[in-house]
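Trainee: From the sequence below, what's the structure:
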Amino acid sequence: MKKLRVAFVQDLNIWTHAGGAERTDQGIVKEGFRRGYDIDLVTPENFPPIEAISCDLVVFSNVHMLMYMDNGRRLLQLAEKHPFVMWHHDFWCRYRLYYPMLPKCKDCTYIGPWRKLYSESVLNFFMSPLHREGYLYAMPEIANHPYALVPSAINPSDYQPIKQVNPKPNTVVGVNVLLDFKGKANVIKYAQEHPELSFTFAGGLEGEATLPRNSKYIGPKSQQELVQLYAESECLIHLPSQPSPADRVPVEFLIANPNGKLITNRNVGILSYPNVIQDGKVNRDELSRLVSTAPQTFWRCIENVLIQT
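Mentor: Okay, the predicted model is just below:
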């Protein structure tokens, strides 16, 4: 296959932002470089005139801000000029991850440009079966459109268990769960109902949170600090209030803590993959395989589609 020229369109600079989507895209782009592809990152800060963009393929990654800056004008113009794939990590909803999957969502004011892109792409990527289910609920017309499932790109070696660290009895950790769409109300309610457990919450905090006495909030932590927290805790609590495309945190925890347990629900995208849950238990080997091979899966799917076209 000839050297592929790719315009990788993202709301944020993936090399300077540390969000989950950006970390996943770092893994994807690095694998593209390894394969010898010429990849240009296009963000709102460096978005050139449409006619100046020369490429064989456009990857629309997280383009939520770009879509709503000008009602999708630049994205749609770019899509008319070049073959493109959709790799949007969130939902099309105006509020990104606040997607309730209600009947009104099918007629949402904002769905038009997204429907056009997902209907005309050469390939749609979804981060999990649950992620795709959310799109099909509002866009049933794309049910037969070419698609691929690719989860968050995570290197298991970054979350290897810490030797000689044992979980403390009756301890629960939660990361970014004090954000509304991550299930803030669900998590606080669960903590209130289980005074026998000790809860530690790290990551972001949305608004104010009145925590019960058995809970504490310790703020954002580094990756190394999170690995330590994962290793020291018996359980991870993760109770999203909305369908979640993938979710990195449960994967990180299950890799870092070989015997750790999840307190969760059906809104976690990564757990919707076939064979991840077997006999009521998480298949850690399958989970590690999915996330560790995500970058290779991504480009292999693109190569297969471009060969066919």
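
Trainee: Quick one: mean pLDDT for stretch 250-259?
Mentor: Averaging pLDDT along stretch 250-259 gives 95.

Trainee: Now do the helices in the chain.
Mentor: Secondary structure of the chain (DSSP state H): helices at 20-34, 64-69, 73-81, 111-120, 129-138, 184-193, 223-232, 249-256, 284-292, 294-308.

Trainee: Residue 237 contacts residue 184, correct?
Mentor: No - with contacts counted by C-beta atoms under 8 Å, residue 237 stays clear of residue 184, the gap being 11.3 Å. All C-beta spots, glycine's among them, are computed from the backbone N, C-alpha and C.

Trainee: deepest of the helices of the chain, which one?
Mentor: Comparing those by mean neighbour count (mean count of other C-beta atoms under 10 Å), helix 249-256 ranks first with a mean of 24.

Trainee: State the distance from residue 243 to residue 87.
Mentor: 18 Å (C-beta to C-beta, to the nearest Å).

Trainee: Compare those two (neighbour count), which wins?
Mentor: Between residue 243 and residue 87, counted using other C-beta atoms under 10 Å, the more crowded position is residue 87 (27 against 22).

Trainee: longest single strand anywhere in the protein?
Mentor: Counting by DSSP state E, the longest strand found in the chain is strand 168-175.

Trainee: buried sites along it?
Mentor: For strand 168-175, burial by neighbour count (16 or more other C-beta atoms under 10 Å) applies to 172-175.

Trainee: For it, name the packing helices and strands.
Mentor: strand 198-202, helix 223-232, strand 233-238 (3 or more C-beta pairs under 8 Å, 6 or more residues apart in numbering; DSSP states H and E).

Trainee: quick one, that strand and strand 198-202 angle?
Mentor: Going by axes from the mean of the first three to the mean of the last three C-alpha atoms, to 10 degrees, strand 168-175 is angled at 30 degrees with respect to strand 198-202.

Trainee: begin at 7 from here
Mentor: Taking 7 as the first residue, the last one we looked at is strand 174-181.

Trainee: can you list the domains in the protein?
Mentor: Domain segmentation of the chain under automatic domain parsing yields 11-156, 162-297.
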